[in-house]
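>>> below are the sequence and a predicted model for it; my questions follow.
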Amino acid sequence: MVNVKKDIVCIGGGIMSITLAKLLQEIDPSRNITLYEKLASCAQESTQSINNAGTGHAGYCELNYTPINSHQNVSIHRALKINREFEVSLQFWSFLAKKYQNFKSKSFITQVPHISLVRGEKNISFLKKRYEALSKSILFQGLQFSCDKETIKKWAPLIDVASKDEIAMTKYEFGSDLNFESLSHQMLKILYTNKNFSIHTLHEIKSISQKNDKTWNIKIYNIKTKELILVNAKFIFIGAGGATIHLLQKSNIKNQKGYAGFPVNGEWLICKNPSLTKKHFSKIYGLAGPKAPPMSAPHLDLRIINGKKQLMFGPFASFTFKFLKTGSYLDLVKSINIRNIFPILQVFLSNLNLLSYLIKQSTNSYEDKINMLREFFPLAIKKDWQLVSAGKRVQIIKPYKKIGGKLEFGTEIVWSDDASLAALLGASPGASTSVYSMLTVIEKSLKGKINPKIWKNKIEKMAPSYKQDLDKKPTLFTKARLSTYKTLGFRI
Ligand SMILES: Cc1cc2nc3c(=O)[nH]c(=O)nc-3n(C[C@H](O)[C@H](O)[C@H](O)COP(=O)(O)OP(=O)(O)OC[C@H]3O[C@@H](n4cnc5c(N)ncnc54)[C@H](O)[C@@H]3O)c2cc1C
């Protein structure tokens with residue numbers, strides 16, 4: 001077995017690990033960073049362009065980020081938080097675009113309006129309340145509301161306005177479509193130019209264990225040479241997407257006990273008819289059905305993938321046993337242990353509706369899916385659309401002392417007590433807020449080794465609004481937003 005010593009090891013070559021590596025390289029280029037990826041190339045799981053919706057999640061259109069609270073008011077707390085965090089991503093990408101000529105923002109970000117769509121009196125009243133609540137924040141300045149069918153027709157020509165149903169929309173002009181796969185490769189291009197960064201594809205992490213001196217031993221299988229490598233690292237980030245839960249369990253840290261994963265399969269309908277694609281120029285999010293999970297809220301999306309416009313509808317969520325597209329049908333079973341069996345049972349028993357919804361969705365025919373699309377776009381015909389995989393997501397099952405376990409729909413970072421290991425679980429808002437999440441990892445795990453002046457200076461340059469209450473700082477907000485929009489090619 002080959003024995004190697006490393007400083008910082010990132011597991012998995014998706015947007016999270018790559019963003020962490022790039023941020024660290026900017027903060028301290030002398031740090032030695034090694035990334036291991038089990039596939040032949042990076043960004044081929046959830047980060048792959050077609051395996052996510054490419055929505056720059058900022059709370060403009062996602063109705064599940066603004067639930068009704070116990071006082072029957074629209075709670076905008078989550079939408080504000082995600083918006084602030086997404087702003088940090090925009091700032092970092094804009095910083096890279098200004099600094100590196102070969103970092104091409106056009107290849108991964110396009111300004112695409114974000115629209116919310118609802119029908120019926122009750123839902124329209126909710127959308128109006130949501131609009132009024134959000135409009136009070138400077139972050140949502142410019143959000144528009146309309147129930148006027150002529151305006152709606154202009155905003156979204158494919159949407160049915162002819163039916164008798166009342167309809168309403170909100171629209172935010174400065175939404176975005178992102179190609180996280182391309183963004184990852186843009187960052188990798190710059191990472192490669194520093195000799196302190198190395199990447200090893202076709203390397204699969206098999207086990208992780210902490211030594212008495214608090215460093216980590218990582219057993220890695222070289223898929224090409226069939227060789228086992230033992231790497232010793234001071235800090236590990238587990239960014240293995242759906243497989244993170246397995247590796248976290250192997251690390252045996254105290255804080256992972258009781259955690260489990262709830263895998264969900266996704267599919268899209270992609271339009272094959274370019275004349276239809278041409279008529280759609282926004283991302284339109286509807287409401288998830290009553291028993292459906294929030295991530296299955298249907299949306300009709302303009303996507304820009306490799307410079308080409310695509311029209312997508314979905315995602316169709318269904319049950320799966322796999323944690324990764326390239327995973328195994330034993331993934332779910334293998335993740336069950338004595339510590340998480342009760343949280344899992346608790347979650348399954350208290351989410352029987354969700355479970356039966358997902359199982360039922362698995363049996364839905366192509367025709368059923370086209371019918372769901374017709375609720376958005378009534379003139380849809382089967383031959384114009386093709387069903388493709390949207391990858392997998394693993395939602396977090398989290399242990400709670402009093403209730404046993406709860407299903408979480410967000411993302412969470414789990415740390416070892418000494419913060420020498422960090423792992424990212426969950427999928428939403430996911431890639432959009434990757435910069436904020438990875439700055440949090442650096443701050444908690446590695447900031448101690450960074451000169452405070454350097455940290456302050458770098459944050460001011462790379463992400464000036466990181467941990468700032470932007471809504472209360474209009475000058476910082478206006479300056480930051482105008483600057484990022486200009487650099488990233490938005491029409492202001
Ligand atoms: C249907 C769907 C729609 C989504 N829509 C959006 C959206 O609109 N906007 C948004 O921001 N986010 C969205 N997301 C979430 C987003 O895709 C994820 O948050 C993000 O891609 C996760 O990146 P990651 O780096 O954590 O994981 P991944 O991209 O999955 O990368 C993990 C990597 O780890 C590797 N790996 C796994 N196990 C090992 C091992 N043992 N050893 C070595 N390597 C390993 C894998 O091969 C993979 O390359 C969506 C997700 C889904 C499924």
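Cool, the structure landed.
>>> quick check: closest non-adjacent residue to the residue in the stretch 301-450 of the chain that the ligand sits nearest to.
Residue nearest to the ligand within the stretch 301-450 of the chain (Cβ to the nearest ligand atom): residue 430, separated by 2.3 Å. Yep, even glycine has a C-beta here, placed from its N, CA and C like the rest. Residue nearest to residue 430 in three dimensions, not counting chain neighbours: residue 411, with 6.1 Å by Cβ to Cβ, 6 or more residues apart in numbering.
>>> go on, residue 395?
residue 262 (4.4 Å).
>>> repeat that for residue 173.
Per Cβ to Cβ, 6+ apart, closest to residue 173 is residue 113, 5.3 Å.
>>> over to that neighbour: give its phi and psi.
Taking degrees, to the nearest 10, you get phi -60, psi 140 for the backbone angles of residue 113.
>>> count the neighbours of it for me.
Number of residues near residue 113 (other Cβ atoms under 10 Å) recorded here: 21.
>>> so for it, what's the pLDDT?
What the model reports as pLDDT for residue 113 is 98.
>>> just want the most central residue of this structure.
Among the residues of the chain, residue 430 comes closest to the average C-alpha position under Cα atoms, centre = their mean, at 2.1 Å.
>>> you'd agree that one is up against residue 51?
No. If you go by Cβ atoms under 8 Å, residue 430 and residue 51 don't touch, sitting 11.0 Å apart.
>>> near the ligand, which residues of the stretch 51-200 of the chain?
Residues of the stretch 51-200 of the chain lying close to the ligand by Cβ under 6 Å from any ligand atom are 51-55, 57, 180.
>>> can you pick the most crowded of the residues you listed?
Within those, residue 54 tops the neighbour count with 28 neighbours, counted by other Cβ under 10 Å.
>>> how close does it sit to residue 108?
9 Å (Cβ to Cβ, to the nearest Å).
>>> overlap in contacts of the two?
Taking Cβ atoms under 8 Å, 6 or more residues apart in numbering as the criterion, residue 54 and residue 108 both touch 178-180.
>>> what segments of the stretch 351-492 of the chain are strands?
In the stretch 351-492 of the chain, the strands defined using DSSP state E, counting those that start in this stretch lie at 385-400, 404-408, 411-415, 421-426.
>>> pairing partners for the longest one, with directions?
Just to be clear, that refers to strand 385-400. Looking at strand 385-400 with DSSP bridges, its partner strands are strand 260-271 (antiparallel), strand 404-408 (antiparallel).
>>> so residue 316 belongs to a helix, correct?
No. Using DSSP: H, G, I helix; E, B strand; the rest coil, the assignment for residue 316 is strand, not a helix.
>>> ok, the nearest residue to it once chain neighbours are set aside - contacts?
In space, not counting the residues next to it along the chain, residue 316 is nearest to residue 267; the distance is 4.5 Å by Cβ to Cβ, 6+ apart. Each residue near residue 267 by Cβ under 8 Å, 6+ apart is listed here: 314-316, 318, 369, 387-390.
>>> near the ligand, which of the residues you listed show up?
Okay, of the contacts of residue 267 touching the ligand (Cβ under 6 Å from any ligand atom), that's 315, 390.
>>> can I get the contacts of residue 267 in JSON lines including pLDDT and distance to residue 352?
Output for those, formatted as JSON lines (pLDDT from 0 to 100; distance: Cβ to Cβ, whole Å):
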{"residue": "314", "pLDDT": "92", "distance to residue 352": "24"}
{"residue": "315", "pLDDT": "91", "distance to residue 352": "22"}
{"residue": "316", "pLDDT": "90", "distance to residue 352": "20"}
{"residue": "318", "pLDDT": "87", "distance to residue 352": "16"}
{"residue": "369", "pLDDT": "93", "distance to residue 352": "24"}
{"residue": "387", "pLDDT": "95", "distance to residue 352": "27"}
{"residue": "388", "pLDDT": "94", "distance to residue 352": "30"}
{"residue": "389", "pLDDT": "91", "distance to residue 352": "26"}
{"residue": "390", "pLDDT": "92", "distance to residue 352": "24"}
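>>> filter the contacts of residue 267 down to just the buried residues.
314-316, 318, 369, 390 (16 or more other Cβ atoms under 10 Å).
>>> and the furthest pair within the residues you listed?
369 and 390 (12.1 Å; Cβ to Cβ).
>>> what sits in contact with each of these two?
The contact sets of residue 369 and residue 390 overlap at 267, 316 (Cβ under 8 Å, 6+ apart).
>>> before we move on, back to that, which of the strands of the stretch 351-492 of the chain sits closest to residue 206?
Once the strands of the stretch 351-492 of the chain are compared by Cβ to Cβ, strand 421-426 is nearest, at 16.0 Å.
>>> appreciated, that's everything.
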